[in-house]
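Asker: curious how this folds, go ahead:
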Amino acid sequence: MWHGTWWPALGLVAAAAAPWGWHRWQLSRAKHPSLAGHARLAKRVARWLPSYQLSAPEAFAVDGAPPDVVQRRQHAWTALARRLAERAPRTLALSAHARSHLPDLRLTGRYRVPYAFADLARELPIGAFWARNDGPWLEDLDGNRYFDLTGSYGVNLLGLDFYKTSIAEGAETGKALGPVLGGLHPCVADNVDRLLAISGMDDVTFHMSGTEAVMQAVRLARYHTGRPYVVRFAGAYHGWWEDVQPGPGNPMPPRETYTLAEMSEHALRVLRTRRDIACVLVNPLQALHPNRAAPSDSTLVSARTGARFDRVAYTRWLQALRAACDDAGIALIFDEVFVGFRLAAGGAQAYFGVAADMVCYGKTLGGGLPVGVVCGKRRWMERWRTDRPADLCFARGTFNAHPYVMGAMNAFLRAWERPEVQHLYESADQRWQHWTQRFNEALAAAAVPVQVAALQSIWTLNYTRASRYHWLLQYYLRDEGLALSWVGTGRWIFPLTCSDDDLRCVLERCVRACERMRDDGWWWHNPEWDDARWAKHVRATLVRETVRAWMRKV
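Answerer: I've put the predicted structure just below:
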């Protein structure tokens with residue numbers, strides 16, 4: 001009786017659940033196996049990891065170095081801290097004062113290094129203020145000069161002096177109208193025409209930041225498809241808003257976001273078979289490190305060897321992605337906020353030969369002022385339905401198309417089209433490949449475990465042997481007069497206008513910093529072990545520390 005009553009019902013439930021289970025299984029296969037591909041798990045791990053701090057002399061011996069090496073490290077640390085402090089007293093004093101009221105500075109200072117060394121690293125001060133620039137050189141409040149490798153987070157495409165001129169010209173263009181908002185300065189029409197020619201699109205919208213531009217592109221895709229989900233790829237960054245930054249750092253759990261593995265056939269299968277995906281976001285910067293987050297020394301616990309660029313492989317991936325989106329009616333969005341205008345005159349679309357449905361720009365396009373832009377095909381950019389007059393996709397901002405920003409953009413676009421600027425793109429691949437090769441040859445000759453990987457003018461340092469102290473190199477580089485952003489050695493950004501003399505100068509200083517770090521004992525390793533065994537040892541020391549810290553807390 002029981003069997004006759006319930007088994008048919010259970011069979012119906014199982015039959016109904018089977019498609020859901022199959023889709024769920026396909027989705028799981030399409031995720032990258034790392035924490036970058038599993039936002040919920042990454043958030044749990046982040047909450048679980050205990051905080052603990054290493055102090056001297058223990059901090060200088062976590063890899064099992066012998067006493068003489070530990071002593072050498074202690075002396076080197078003290079000398080480095082003294083040099084950094086004595087060189088920039090005014091800059092450091094103002095930075096300390098501002099840090100007490102600027103949480104951004106407290107965050108970047110805390111996460112410049114692996115968290116176990118964070119308290120100790122306060123002894124290695126780095127200032128947050130600059131007084132002026134001289135070409136590619138930055139000058140702090142004490143008159144010290146540093147070669148700028150920060151790239152202003154991607155803004156600095158054509159040199160800082162270029163943007164000074166663009167801002168000045170933009171202010172001159174906009175001053176007759178002033179901060180009139182809502183209406184448009186005439187230069188906006190010229191900006192639109194130039195952007196359409198660059199992007200190959202039909203329409204343009206202006207926004208106040210790259211993050212906001214991506215938000216609008218995603219909103220339009222959802223509006224036109226009637227679907228809720230966004231696909232992003234593991235490790236990619238598209239701004240700090242909730243839907244596209246679903247892991248640690250976002251207090252909300254993932255909702256309408258699928259984080260899939262880049263360059264994966266399983267991911268393409270998900271795109272072709274699901275019917276709830278509105279758009280796919282691609283950040284071409286990921287071509288340098290697919291499925292990995294932006295390299296930061298704060299997460300550097302052993303080695304960093306994953307960054308490399310294979311243009312042919314990434315082009316094939318984008319072509320397959322384009323085809324899958326076409327088959328499923330999904331909007332393909334290129335987030336070129338960071339790389340826009342670096343790789344080619346037509347951006348990543350031209351460089352890889354793949355057309356997107358919408359492209360987001362920002363950073364450099366504002367001529368040095370904040371801006372975000374969406375260029376797209378008409379079918380994706382319209383904000384209302386002619387047959388449903390109340391069904392709108394609303395997006396505005398008080399400062400969108402601000403006259404001064406539009407003026408600076410116009411100055412940038414006009415100057416960018418000059419032959420001498422366009423000439424910078426000719427043989428750009430060969431030029432940057434030549435210099436990465438020269439850097440790697442010099443680093444190999446210096447017998448240091450460091451290599452360079454690059455996506456043209458965007459570089460990262462790889463480390464070829466495990467060490468708990470790679471993060472220290474950023475401080476040696478600073479001591480040699482090279483200014484890095486707070487993520488450290490994972491991101492060097494050169495302007496396209498960087499001369500060969502500039503690159504030789506950076507090369508010499510980089511090699512000198514590496515040699516000093518080597519001589520100070522930070523890259524010591526057990527000579528009786530091969531690199532694989534040494535890497536296991538280094539990871540094991542970190543695991544033991546973490547477990548001990550966790551046990552103390554429970």
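Asker: looking at this, Leu369 is in a strand?
Answerer: No: using DSSP: H, G, I helix; E, B strand; the rest coil, the secondary structure at Leu369 is coil, not a strand.
Asker: residues contacting it?
Answerer: Neighbouring residues of Leu369 by C-beta atoms under 8 Å, 6 or more residues apart in numbering: Ile167, Gly170, Tyr404, Val405, Ala408, Met409. All C-beta spots, glycine's among them, are computed from the backbone N, C-alpha and C.
Asker: any idea which helix or strand comes after the host helix or strand of the third one?
Answerer: Take DSSP states H and E as the rule and Tyr404 turns out to sit in helix 403-416. Tracing the chain C-terminally past helix 403-416 and defining elements by DSSP H and E, one meets helix 419-422 next.
Asker: just how off-centre is that following helix within its chain?
Answerer: Helix 419-422 sits 27 Å away from the centroid of its parent chain (C-alpha atoms, centre = their mean, to the nearest Å).
Asker: how about Thr91, phi and psi?
Answerer: When read as degrees, to the nearest 10, the backbone of Thr91 gives phi -60, psi -40.
Asker: sorry, wrong one. I was asking about Ala535.
Answerer: For Ala535, the backbone dihedrals (degrees, to the nearest 10) come out as phi -60, psi -40.
Asker: coming back round to it: now, which of the contacts of Leu369 sits nearest Arg504?
Answerer: Proximity of these to Arg504 (C-beta to C-beta) peaks at Ile167, which lies at 30.0 Å.
Asker: so the closest one is in which element?
Answerer: Assigned by DSSP H and E, Ile167 belongs to helix 160-174.
Asker: tell me the helices and strands packed up against that helix.
Answerer: helix 403-416 (3 or more C-beta pairs under 8 Å, 6 or more residues apart in numbering; DSSP states H and E).
Asker: so the helix it packs on versus helix 160-174, what angle?
Answerer: 130 degrees (axes from the mean of the first three to the mean of the last three C-alpha atoms, to 10 degrees).
Asker: dump helix 403-416 to PDB, restricted to CA.
Answerer: Coordinates of each C-alpha in helix 403-416 appear next as PDB, following Å, rounded to 0.1, in the frame of the first residue of the first chain:
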ATOM      1  CA  PRO A 403      31.400  70.300 -19.100                       C
ATOM      2  CA  TYR A 404      34.900  70.200 -17.700                       C
ATOM      3  CA  VAL A 405      35.100  66.400 -17.900                       C
ATOM      4  CA  MET A 406      33.800  66.500 -21.500                       C
ATOM      5  CA  GLY A 407      36.300  69.200 -22.300                       C
ATOM      6  CA  ALA A 408      39.200  67.200 -21.000                       C
ATOM      7  CA  MET A 409      37.900  64.100 -22.900                       C
ATOM      8  CA  ASN A 410      37.800  66.200 -26.100                       C
ATOM      9  CA  ALA A 411      41.300  67.400 -25.500                       C
ATOM     10  CA  PHE A 412      42.400  63.800 -24.900                       C
ATOM     11  CA  LEU A 413      40.600  62.400 -28.000                       C
ATOM     12  CA  ARG A 414      41.900  65.100 -30.300                       C
ATOM     13  CA  ALA A 415      45.500  64.700 -29.100                       C
ATOM     14  CA  TRP A 416      45.200  60.900 -29.100                       C
END
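Asker: three-state assignment of the residue most central in space within the chain?
Answerer: By C-alpha atoms, centre = their mean, the mean C-alpha position of the chain lies nearest to Ala294, the distance being 4.5 Å. Following three-state DSSP, Ala294 is assigned to coil.
Asker: which one is it nearest to, not counting chain neighbours?
Answerer: Distances taken as C-beta to C-beta, 6 or more residues apart in numbering place Tyr237 nearest to Ala294, at 5.9 Å, with adjacent residues excluded.
Asker: how many neighbours does the one you found have?
Answerer: Neighbour count of Tyr237, defined by other C-beta atoms under 10 Å: 17.
Asker: same question for the one 3 residues further on.
Answerer: A count of neighbours around Trp240, defined by other C-beta under 10 Å, yields 10.
Asker: over to Ala328?
Answerer: 18.
Asker: got it, and Arg491?
Answerer: Look at Arg491: counted by other C-beta under 10 Å, it has 24 neighbours.
Asker: where does Trp25 fall, secondary structure wise?
Answerer: In the assignment (DSSP H and E), Trp25 maps to helix 2-29.
Asker: pLDDT of that helix, averaged?
Answerer: Averaged across helix 2-29, pLDDT comes to 63.
Asker: equivalent analysis for stretch 413-431, please.
Answerer: Averaged across stretch 413-431, the pLDDT comes to 94.
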